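Engineer: here is my input; please provide its structure:
(chains A, B, C and D)
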Number of protein chains: 2
Amino acid sequence: MNFSASEENYIKSIYHLQPPDGVVTTNELAGELQTKPASVTDMLKKLKAKKLLHYERYQGFRLSSEGKKIALGIVRKHRLWEYFLVQKLQFGWDEVHEIAEQLEHINSKVLIDRLDSFLNFPRFDPHGDPIPDTNGKMEVTGHINLTNLEINHAAEVSAVGSQSTELLELLSHKNIGIGTKLEVKKKFNFDKSVEIKIKNLPAFTISGQLAQSLFVKPL
Amino acid sequence: MNFSASEENYIKSIYHLQPPDGVVTTNELAGELQTKPASVTDMLKKLKAKKLLHYERYQGFRLSSEGKKIALGIVRKHRLWEYFLVQKLQFGWDEVHEIAEQLEHINSKVLIDRLDSFLNFPRFDPHGDPIPDTNGKMEVTGHINLTNLEINHAAEVSAVGSQSTELLELLSHKNIGIGTKLEVKKKFNFDKSVEIKIKNLPAFTISGQLAQSLFVKPL
DNA sequence: AATATAATTTAGACAAACCTAAATTTTATT
DNA sequence: AATAAAATTTAGGTTTGTCTAAATTATATT
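Structural biologist: Prediction:
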């Protein structure tokens, strides 16, 4: 089954709005999508007919398991394209959202799986959000991107953004790996580089690009 | 000005159908787009109103210079994405058309210019068609892709698909360059590799991927 | 030149996705 | 519990891009 870009946008927004065990409301969704509640109601009927959501009028709605599967596919596409834009085309992580909003509607399973492979199966997008794999599975983690770690708060490296040899080579050269404990001492806005401190070592600076590929759990 | 995917498809098809100094007809375009003549007429009115084509009813139509500019932009996007799919994602040149038909409607000038740069400014797509540059200029050449050269017909290498160092390194290793005279002796369907013969050298085989990056002028 | 055929356009309808305004249902307040 | 307020839905309309069937214009044939 194929879906229109509009249907996909509704599904994706419901996915993001939906609390662990509650429902989404018409007004909420209209706000998120910058559209009118009446338009939302129209689409809800259509998506219900396609069995993508559970919905009784006036009672709110939530994705069905089928709907969730579709949502995860869209999220996968969005995040893989964001990763591509940042890692291969030198976009900043704050510039990629709009373009990824378009690219996420490109319809080709083999394209996305090959893109995934080309990118070395990254597990986190440039914002640190996990990328669902080809089966819709993704990691649930409490970690955050190193660029978002507060200054002078101890943390432990818990994941890297991808498995590319270039990244791993750089990390081993700098003696950073999963489990490494560190603190951020300073953030330089000019080039987004970050000065970090690892115990028993002098503080040193890493590039913004590298910082974006590191995820940490605060201790 | 921005255009819908549908408008873009009409513009692109008119561009491809339009003879050097003639017009395109309604039925022709309807056939190309797998739609009905009445639908074409509707769209012609709209595109005329947007000054993208010259059109008098019952008299055929052709792109205005503004229309041609738009068409070249779409062709550029289509061919760059095709190149990306073949060179980076390992698609065969015969598998990429459908996906590129979708990707060509993604709307972001900076995205395309960065993609171009990422790909090392290729001048020909995997089918050997020239890729317009950022200003809409492209080469006019009588050459064909090496994979389409008839067996035992002498030809001269006239262009390479891109300027990537990897490609150039491989070519210099094999002593192939612009002006090299050669013949194709055999084509192997299994892996699309091609056996070629250069005067004073024993015949040797090159990969399908390399063959796709070589363009020749029959002598 | 008249007429038949083919190409094209017009008229009127339809689906998707949106809208506004009015009606309905739920929720909050007195 | 009655009523006011807020949320939601319905009814009916718009735009885009398509369609069919009928009308018009151009082209080909006699």
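
Engineer: enumerate the residues of chain A near DNA strand C.
Structural biologist: Within chain A, the positions near DNA strand C by C-beta under 7 Å from any atom of the strand are A:4, A:6, A:7, A:35, A:36, A:38, A:39, A:42, A:43, A:46, A:58. Using the backbone N, CA and C atoms, a C-beta is placed for each residue, glycine as well.

Engineer: who wins on neighbours among the residues you listed?
Structural biologist: The most crowded member of those, judged by other C-beta atoms under 10 Å in any protein chain shown, is residue A:43 (19 neighbours).

Engineer: how about stretch A:164-181 and chain B, touching?
Structural biologist: No - legend: contact between stretch A:164-181 and chain B by C-beta under 8 Å from any C-beta of the partner chain is lacking; minimum distance shown is 14.0 Å.

Engineer: residues of the lowest-mean-pLDDT helix or strand in chain A that come out buried?
Structural biologist: In chain A, no helix or strand scores lower on mean pLDDT, DSSP states H and E than helix A:165-173, which sits at a mean of 84. Neighbour counts over helix A:165-173 (16 or more other C-beta atoms under 10 Å in any protein chain shown) mark A:167, A:170, A:171 as buried.

Engineer: same deal with stretch A:120-137?
Structural biologist: In terms of neighbour count (16+ other C-beta under 10 Å), stretch A:120-137 has its buried residues at A:120, A:122, A:123, A:124, A:125, A:126, A:127, A:128, A:130, A:131, A:132.

Engineer: which pair in these spans the largest distance?
Structural biologist: Farthest-apart pair in the buried residues of stretch A:120-137 is A:120 and A:127; separation 18.2 Å (C-beta to C-beta).

Engineer: DNA strand C versus residue A:113, what's the distance?
Structural biologist: Using C-beta to the nearest atom of the strand, to the nearest Å, one gets 26 Å for the distance from residue A:113 to DNA strand C.

Engineer: A strand includes that residue, no?
Structural biologist: No - Residue A:113 is assigned helix when assessed by DSSP: H, G, I helix; E, B strand; the rest coil, not a strand.

Engineer: ok, now which ones touch it?
Structural biologist: Taking C-beta atoms under 8 Å, 6 or more residues apart in numbering or on different chains, we find residue A:113 in contact with residue A:134.

Engineer: likewise for the one 10 residues further on?
Structural biologist: With contact taken as C-beta under 8 Å, 6+ apart, residue A:123 is in contact with A:130, A:131, A:138, A:139, A:159, A:161, A:162.

Engineer: recalculate using a threshold of 10 Å.
Structural biologist: Residue A:123 makes contact with A:79, A:83, A:130-133, A:138-139, A:141, A:159-163, A:215, according to C-beta atoms under 10 Å, 6 or more residues apart in numbering or on different chains.

Engineer: and chain A, what are its domains?
Structural biologist: For chain A, automatic domain parsing gives the domain ranges A:5-63, A:144-218.

Engineer: so how far is the shortest one off the chain centroid?
Structural biologist: The reference is to domain A:5-63. Relative to its parent chain, domain A:5-63 has a centroid offset of 21 Å by C-alpha atoms, centre = their mean, to the nearest Å.

Engineer: ok, and does it reach over to DNA strand D?
Structural biologist: Yes - Domain A:5-63 lies within reach of DNA strand D by C-beta under 7 Å from any atom of the strand, at A:25-28, A:37-38, A:40-42, A:44-45, A:55, A:57-60.

Engineer: let's see which of the residues you listed end up in helices.
Structural biologist: Under the assignment DSSP state H, these contribute A:26, A:27, A:28, A:37, A:38, A:40, A:41, A:42, A:44, A:45 to helices.

Engineer: where among the domains of chain A is average confidence lowest?
Structural biologist: Sorting those by mean pLDDT places domain A:144-218 lowest, at a mean of 89.

Engineer: that one: end-to-end distance?
Structural biologist: One end of domain A:144-218 sits 8 Å from the other (C-alpha to C-alpha, to the nearest Å).

Engineer: phi and psi next, for residue A:116.
Structural biologist: For residue A:116, the backbone dihedrals (degrees, to the nearest 10) come out as phi -60, psi -50.

Engineer: for the nearest residue to it once chain neighbours are set aside, grab the count of nearby residues.
Structural biologist: Closest residue in space to residue A:116, ignoring its immediate chain neighbours: residue A:80 at 5.8 Å, by C-beta to C-beta, 6 or more residues apart in numbering or on different chains. Residues near residue A:80, counting by other C-beta under 10 Å, number 25.
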